[in-house]
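okay, structure incoming, though there's no sequence with it:
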């Protein structure tokens, strides 16, 4: 108790008025004492704190006001005549001597978001305030063609980070996100295309000069990405596999654990861990691998010479070569997905619009008029956007017909290579347009479901 209680007896007062007759007295009026206290974290601002005397039957307003960073919990003590013991503003009826206490506890913010591919439906997305120690239900719901992967960010008090339905206990200020992923999925880079099947196996076509298409033995894979000369995959146990060019150590991922997503760049590989931190291997020219201090990351994209990271709060950071301003993402907000290529970076906003920075040759950054977009992909010289209705839009260099996607329908995910565009359809088949010199477009027989 913040203040020592003071015992006060009830007082019965006989008010007598002598009007020529000493026996003439008024009816007795009974008064009761109300003692008001509070715990740390706030105070009772109406009627105040201390001891007050009221006539029998008096209804007294009570207002508990928390300090900054605290939350009003309830009233305890002699609460039998308090109208609502859980309300900060309530009243008490004086039918006896009462001692009551306003209770406060620390209040913490829980900020919840999701990556592209689903939503947090319970308690919703945004910032919520809870009392210290509150167990909050979490439910993540995936969109069609996607699946829930895990919870990322400040996950130490989440009961099961791998369960779509779970709980979190608020013992501090937390920022968390539900991670979703296309499944099956396609990935593309310079000269090869990769497909992840529903059964966790992987297929690849195109240039195999560095062994980047040697994925036939992979099993239990949940996400893939294609680099300039290598291919990377996350397994269902959080470990990572890689094949292809390893001249700069970009395939040295054998010791990685607790990984939820990977991105393959020109000569480096980046991974997001389930606690929102990031790891990277490979060539570190221009500091493209300097991600060791990143926290709260939900997704990464690896450009040819730089790395982009999306935070749970919708902001974006980037490290590496900033030629053409491709790393100028510091002012972006409300972003749900990022994509990186060689000289431009693309961001999808929560409202379905798209932003882009970097070199705008051939109009590859002309995405300002796009609406209703659910996923973006950045190619060597073009940008692709998937619309909510399953159609696709594209801008940029089209000499190899990589932007001829106007007739595509029923698409659930897109990927963009150096000069080709890949689309995964809802039935598990794959469509492709663009440059096919290395056979990177030979996906006609693929059935990924």
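Received the coordinates, thanks. Please read all numbers here as calculations on a predicted model, not as lab measurements. Numbering: from 1, shown residues only.

buried residues in whichever helix or strand residue 111 is part of?
In this structure, residue 111 is located in strand 98-114 according to DSSP states H and E. By neighbour count with 16 or more other C-beta atoms under 10 Å, strand 98-114 contains the buried residues 98-108, 110-114. For glycine as for every other residue, the C-beta is placed from the backbone atoms N, C-alpha and C.

each with direction, which strands does that strand pair with?
When pairing is defined by DSSP bridges, strand 98-114 lines up against strand 29-38 (parallel), strand 70-77 (antiparallel), strand 126-131 (antiparallel), strand 174-182 (parallel).

and the third one, which residues are buried?
Residues of strand 126-131 classed as buried under the neighbour-count rule (16+ other C-beta under 10 Å) are 130, 131.

so where's this protein shaky on pLDDT?
1-27 (pLDDT under 70).

the most centrally placed residue in it: what's it in contact with?
Nearest to the geometric centre of the chain sits residue 177, at 2.6 Å (C-alpha atoms, centre = their mean). By C-beta atoms under 8 Å, 6 or more residues apart in numbering, the contact list for residue 177 reads 112, 113, 114, 115, 151, 152, 153, 298, 312.

wait, which of those is closest to residue 203?
residue 115 (24.6 Å; C-beta to C-beta).

for burial, what's the neighbour tally of that closest one?
Residues within reach of residue 115, counting by other C-beta atoms under 10 Å, total 21.

what sits against it?
For residue 115, the contact set (C-beta under 8 Å, 6+ apart) comprises 177, 178, 179, 180, 181, 298, 299, 310, 336, 337.

report the contact partners of the second one.
So that's residue 178. Residue 178 sits next to 112, 113, 114, 115, 118, 119, 120, 138, 140, 148, 151, 164 when contact means C-beta under 8 Å, 6+ apart.

closest to residue 60 among those?
For the contacts of residue 178, the nearest to residue 60 is residue 112 (39.6 Å; C-beta to C-beta).

I'd say the closest one and residue 122 touch.
No - counting by C-beta atoms under 8 Å, residue 122 is not a contact partner of residue 112; they are 9.7 Å apart.

okay, and the common contacts of those two?
Here residue 112 and residue 122 have residue 138 as joint contacts, going by C-beta under 8 Å, 6+ apart.

what's the domain layout of this structure?
11-105, 115-180, 186-434 (automatic domain parsing).

what about residue 351, neighbour count?
Residue 351 has 11 neighbours, counted by other C-beta under 10 Å.

kindly apply the preceding question to residue 442 instead.
Residues lying near residue 442 (other C-beta under 10 Å) number 13.

and it, how close does it get to residue 107?
58 Å (C-beta to C-beta, to the nearest Å).

residue 364 too?
Taken as C-beta to C-beta, the span from residue 364 to residue 107 is 46 Å.

now the strands for the stretch 151-300 of the chain?
For the stretch 151-300 of the chain, applying DSSP state E, counting those that start in this stretch gives strands covering 165-170, 174-182, 185-188, 192-196, 202-206, 221-226, 230-235, 240-244, 259-264, 268-273, 278-282, 297-302.

distance to residue 328 added to those strands, as JSON lines?
Converted to JSON lines, the strands of the stretch 151-300 of the chain look like this (distance: least, C-beta to C-beta, whole Å):
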{"stretch": "strand 165-170", "distance to residue 328": "35"}
{"stretch": "strand 174-182", "distance to residue 328": "24"}
{"stretch": "strand 185-188", "distance to residue 328": "25"}
{"stretch": "strand 192-196", "distance to residue 328": "30"}
{"stretch": "strand 202-206", "distance to residue 328": "32"}
{"stretch": "strand 221-226", "distance to residue 328": "23"}
{"stretch": "strand 230-235", "distance to residue 328": "27"}
{"stretch": "strand 240-244", "distance to residue 328": "30"}
{"stretch": "strand 259-264", "distance to residue 328": "19"}
{"stretch": "strand 268-273", "distance to residue 328": "19"}
{"stretch": "strand 278-282", "distance to residue 328": "20"}
{"stretch": "strand 297-302", "distance to residue 328": "15"}
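
wait, which of those is closest to residue 250?
Going by C-beta to C-beta, the one of the strands of the stretch 151-300 of the chain nearest residue 250 is strand 278-282, 3.5 Å.

which strands and helices lie in contact with that closest one?
Contacts defined by 3 or more C-beta pairs under 8 Å, 6 or more residues apart in numbering; DSSP states H and E place strand 278-282 against strand 268-273.
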